[in-house]
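>>> here is a sequence with its predicted model. Questions after.
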Amino acid sequence: MADSFIRPAQRHSTRLEIKRSEFICQAAPTCGVAAANAFIEQVRRQYSDARHHCWCYVAGPPDDYNQWNCSDDGEPRGTAGKPMLNVLMHSGLGEVTVVVTRYFGGIKLGAGGLVRAYSQAVQQCLEQLPTETRVLTKPYELLAPHSLTGALELLIQQLDIEVLDRQWLELLQIRVNLSARQVTSLRERLGPYPSVTLKAV
């Protein structure tokens with residue numbers, strides 16, 4: 001699994017009209033399935049008079065297939081959710097949920113027309129979506145003699161490490177969040193200090 005990926009930086013919305021039907025596509029950063037479902041429900045309430053709120057999400061890293069899902073929400077089977085998810089999968093984005101709200105304009109689009117419309121709505125939204133890099137981290141604990149406090153604090157500052165907690169007990173205990181790259185760098189820099197222990201928690 002990659003230690004970083006691209007995700008939405010903020011919520012974004014676009015509109016597309018096809019044969020008088022209006023497709024409102026909204027994408028948002030959502031970390032986890034619960035957040036994805038909460039965003040879908042929020043959009044349902046926002047456009048409560050619309051008949052269809054088709055959705056898809058990649059609620060974790062792009063390669064975590066267990067956090068992929070989609071729904072046609074009343075459209076003919078396979079004409080909305082799966083085409084939308086297909087566009088999302090090929091975007092390489094993670095922690096993202098997309099909802100397309102449709103207001104029917106009186107002209108039927110047919111199965112092929114719906115697939116193209118929902119796919120196009122998502123493509124248009126993703127093309128304009130502001131993004132950011134999400135670096136995956138895990139919690140670790142540093143255990144060291146108190147005499148090495150200064151040396152460790154300097155390493156933490158130089159490697160731009162996020163500190164979660166510090167405790168001065170029998171040993172100095174520092175809980176930190178580290179990316180895979182930071183773990184490698186920190187282990188290398190701790191070479192001269194064999195009395196320091198770095199362990200995942």
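Okay, I see it.

>>> in this structure, which spans are strands?
For the chain, the strands defined by DSSP state E occupy 4-8, 12-18, 21-29, 52-58, 68-71, 96-103, 131-135, 138-144, 162-168, 172-178, 197-200.

>>> give me the contacts around the longest one.
What that stands for is strand 21-29. With C-beta atoms under 8 Å, 6 or more residues apart in numbering as the test, strand 21-29 has contacts from 7-17, 39, 43, 47, 95-105, 107, 109, 117-118, 121-122, 124-126, 129. Every residue, glycine included, has its C-beta placed from N, CA and C.

>>> of these, select the buried ones using a ChimeraX command.
In ChimeraX, a selection of the buried entries from these looks like this (16 or more other C-beta atoms under 10 Å):
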select :7,8,12,13,14,16,39,43,47,95,96,97,98,99,100,101,102,109,117,118,121,122,125,126,129
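
>>> ok now the helix ranked longest in the chain, how far from the chain's centre?
With residue count as the measure and DSSP state H as the assignment, the chain has helix 110-128 as its longest helix. Put simply, helix 110-128 sits 21 Å off its chain's centre (C-alpha atoms, centre = their mean, to the nearest Å).

>>> let me know the angle separating that helix from strand 52-58.
If you take axes from the mean of the first three to the mean of the last three C-alpha atoms, to 10 degrees, helix 110-128 sits at 50 degrees to strand 52-58.

>>> tell me the contacts of residue 156?
By C-beta under 8 Å, 6+ apart, the contact list for residue 156 reads 163, 174, 176.

>>> my guess is the first one contacts residue 173. True?
No - the pair residue 163 / residue 173 is not scored as a contact, 11.3 Å apart, by C-beta atoms under 8 Å.

>>> give me the pLDDT for residue 192.
Residue 192 carries a pLDDT value of 94.

>>> how far away is it from residue 143?
16 Å (C-beta to C-beta, to the nearest Å).

>>> and what of residue 100?
From residue 100 across to residue 143, the span is 51 Å (C-beta to C-beta).

>>> same question for residue 131.
Counting by C-beta to C-beta - residue 131 and residue 143 are separated by 38 Å.

>>> go on, residue 91?
As judged by C-beta to C-beta, residue 91 and residue 143 stand 42 Å apart.

>>> and those two? Which one has more around it.
residue 91 (20 against 15; other C-beta atoms under 10 Å).

>>> my guess is the more buried one contacts residue 127, does it?
No - at 9.6 Å, residue 91 and residue 127 do not qualify as touching, with contact defined as C-beta under 8 Å.

>>> so who does the residue most central in space within the chain touch?
The structure's the chain has its C-alpha centroid closest to residue 95; by C-alpha atoms, centre = their mean the separation is 1.6 Å. If you count contacts by C-beta under 8 Å, 6+ apart, residue 95 has them with 5, 7, 8, 29, 30, 31, 58, 59, 60, 61, 134.
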